[in-house]
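next comes the sequence, and after it the predicted model I'd like to discuss.
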Amino acid sequence: MKKLIVLFALILSTVASAESVLIFETKNYSNYDVAPEFQINRELGRAWVNIVLSEYNGDSSTYTDNRIQIEGMSFNEADKTIVIEKNGESIVCGTLYNRRWVIDFGGSIRESKRCTFSVKKVKVTEDNGFETYKVPMIQVYLNVQ
């Protein structure tokens, strides 16, 4: 029983220490599919989040890239990791690896469990000065533990 209580307390402390930050928001009139991903520039040691919005209209598709710079995020070439500096701690958000069946020269990024994305489709009330109305929105959060 004591082990169960300790395990429960550990899980709660992990959840309590997670920080969700809104990194992207846009109107969702087209019912976009949303795909956030990490990207890097090896030469400059930079990392960012790219949010791809996909819109499908019959036989055609439209893709829009949205680069989001995250404060404290960088790429460490020596370790091949994407890190975020939070409160003096380096949190690994992703690691470069070589996919098994794809020739990508070690350029694929494996996301860690400490940095995850959550996408929410919500309706926000807007006021134009005469009436209020609901607007569908997409919100993308970066969850850092």
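All right, it came through fine. Not measured: the values here are computed from a predicted model.

who's in contact with the most centrally placed residue in the chain?
Centroid-nearest residue in the chain, with CA atoms, centre = their mean: Phe117, separated by 3.7 Å. Applying CB atoms under 8 Å, 6 or more residues apart in numbering, we find Phe117 in contact with 36, 49, 140-143. (C-beta placed from N, C-alpha, C; glycine too.)

now with 10 Å, please.
By CB atoms under 10 Å, 6 or more residues apart in numbering, the contact set of Phe117 is 20, 23-24, 34-38, 49, 51, 111, 140-143.

which of those residues fall within strands?
Among the contacts of Phe117, the members found in strands (DSSP state E) are 20, 23-24, 34-38, 49, 51, 111, 140-143.

what is the mean pLDDT for stretch 22-30?
For stretch 22-30, the mean pLDDT works out to 91.

just the buried residues of that stretch, please?
23-24, 28 (16 or more other CB atoms under 10 Å).

could you do stretch 62-78 as well?
70, 73-76.

now, those residues that are in strands?
73-76.

now the strands: where do they sit in this structure?
Along the chain, the stretches classed as strands by DSSP E are 19-27, 33-41, 46-57, 60-68, 73-76, 81-86, 89-97, 108-111, 115-127, 132-144.

ranking these by burial, who's on top?
Highest mean neighbour count of the strands of the chain: strand 73-76, a mean of 20 (counted as mean count of other CB atoms under 10 Å).

which helices and strands sit right next to that strand?
strand 33-41, strand 46-57, strand 81-86, strand 89-97 (3 or more CB pairs under 10 Å, 6 or more residues apart in numbering; DSSP states H and E).

in this structure, where is pLDDT below threshold?
When residues are selected by pLDDT under 70, those of the chain lie in 1-17, 100-106.
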